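A.B. asks: have a look at this fold, sequence not included:
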């Protein structure tokens, strides 16, 4: 039940502010649920992606997306994401596990 409440609170925050998917979900999964850090990151990433897939069309329909800046952000984000996931794979899970 804790996970459902945490999921609701995080989704409400993401819907309101556009932030929180990773910054709230990953620590909550590690500290409240006890997931290993790498698994918490993966779970939080997919959780945030699903939330955004649902929310994005509403912003597109309202014309609240700036296409120029979206493309520019993606130019940096895609290589950054690849580097970040590569580093995560190199890190040993125990070094991230607070237990």
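C.D. replies: Yes, it's here. All figures in this text were calculated on a predicted structure; none of them were measured in a lab.
A.B. asks: state the mean pLDDT of the helix or strand where residue 50 lies.
C.D. replies: Assessed by DSSP states H and E, residue 50 sits inside helix 37-61. Taken as a whole, helix 37-61 has a mean pLDDT of 90.
A.B. asks: what's that helix packed up against?
C.D. replies: helix 2-17, helix 21-28 (3 or more CB pairs under 8 Å, 6 or more residues apart in numbering; DSSP states H and E). Every C-beta, even on glycine, is put in place using the N, C-alpha and C of the backbone.
A.B. asks: reformat the ones you listed as JSON lines; add mean pLDDT and mean neighbour count.
C.D. replies: Formatted as JSON lines, the helices and strands packed on helix 37-61 follow (pLDDT from 0 to 100; neighbours: other CB atoms under 10 Å):
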{"stretch": "helix 2-17", "mean pLDDT": "83", "mean neighbour count": "13"}
{"stretch": "helix 21-28", "mean pLDDT": "83", "mean neighbour count": "18"}
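A.B. asks: picking that back up, centre of the chain to the helix holding residue 50, how far?
C.D. replies: 6 Å (CA atoms, centre = their mean, to the nearest Å).
A.B. asks: now it: buried residues?
C.D. replies: The neighbour-count check on helix 37-61 (16 or more other CB atoms under 10 Å) flags 37, 40-42, 44-45, 47-48, 51 as buried.
A.B. asks: let me know the closest of those to residue 86.
C.D. replies: Distance to residue 86, by CB to CB, is smallest for residue 41 among the buried residues of helix 37-61, at 13.0 Å.
A.B. asks: the closest residue in space to that closest one that isn't next to it in sequence: what's it in contact with?
C.D. replies: Leaving aside its sequence neighbours, residue 41 sits nearest to residue 26 (CB to CB, 6 or more residues apart in numbering; 5.6 Å). For residue 26, the contact set (CB atoms under 8 Å, 6 or more residues apart in numbering) comprises 37, 40-41, 44.
A.B. asks: can I get these in a markdown table including distance to residue 10?
C.D. replies: As requested, the contacts of residue 26 are exported to a markdown table (distance: CB to CB, whole Å):
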| residue | distance to residue 10 |
| --- | --- |
| 37 | 17 |
| 40 | 13 |
| 41 | 14 |
| 44 | 9 |
